[in-house]
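[1] after the sequence you'll find the predicted model.
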Amino acid sequence: MENKQLMEIKERLAKAAPGPWSYKKQAYGSTEMTDSTGDPIFYIDNSGDIEMFTPEAEFVSNSPSDIEFLLETIEKMKGALEFYADENNYVSVEGEFASKVDEDNGAVADEALNLLKK
C-alpha cells in the first residue's frame, strides 16, 4: 500500500496546471503566474488582491508540508543507501560473529520503505 501523503501529493500535482510555471511582474504593478500554455494560475493586482484557481491554490498551499515530507523521505532513504553501500558494514568486527548488515537484517531498508507505506 502506498503512503497516504504521497498519494495526496500525486493527486494535487495531477490536478494542477502543467509546468513549468512562469512568474512575471507587470509594468502597472500587478503580478501574474502562468502555466506552460500561458494560462493564468494566479494573479495579484496592484492593491494586493489575489485571484488563484482552485487546483493550483491547493497545490501551492500544501507545498511547504509536501516538500518537508519529501525531503525527510529522501534523507531517510539516502541514509539507508549509505548504510548498505558502506563496505565496512559488511565486515565482522573482531570477536563478533556478524557484520552490521547481518545484524541489521534489513531493518534500515524496512524503516526507509515504511515511510512510503504509511
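    Noted; the coordinates are in hand.

[2] alpha carbons only for contacts and neighbour counts from here, please
    Will do.

[3] quick one: the helices in this protein?
    Under the criterion DSSP state H, the chain carries helices at the ranges 4-15, 54-85, 100-104, 107-114.

[4] give the buried residues for the third one.
    So the one you mean is helix 100-104. Val101 (16 or more other C-alpha atoms under 10 Å).

[5] tell me where the model's unsure across this protein.
    For the chain, applying pLDDT under 70 flags the ranges 1, 95-96, 118.

[6] related to what we said a few turns ago, which one of the helices of the chain lies nearest to Ser30?
    The closest of the helices of the chain to Ser30 is helix 54-85. By C-alpha to C-alpha, the value is 18.1 Å.

[7] who are the packing partners of that closest one?
    With contacts taken as 3 or more C-alpha pairs under 8 Å, 6 or more residues apart in numbering; DSSP states H and E, helix 54-85 sits against helix 4-15, helix 107-114.

[8] measure how far stretch 79-87 is from the centre of its chain, please.
    22 Å (C-alpha atoms, centre = their mean, to the nearest Å).

[9] which other residues reach it?
    Stretch 79-87 is contacted from outside by 89, 101, 108-109, 112, using C-alpha atoms under 8 Å, 6 or more residues apart in numbering.

[10] what distance do you get for the residue nearest the centre of the chain to Asn3?
    Closest to where the C-alpha atoms of the chain average out (C-alpha atoms, centre = their mean) is Leu70, at 2.9 Å. Counting by C-alpha to C-alpha, to the nearest Å, the gap from Leu70 to Asn3 is 11 Å.

[11] same thing with Glu87?
    Taking C-alpha to C-alpha, one finds Glu87 at 31 Å from Asn3.

[12] between these two, who's got more neighbours?
    Asn3 (13 against 10; other C-alpha atoms under 10 Å).
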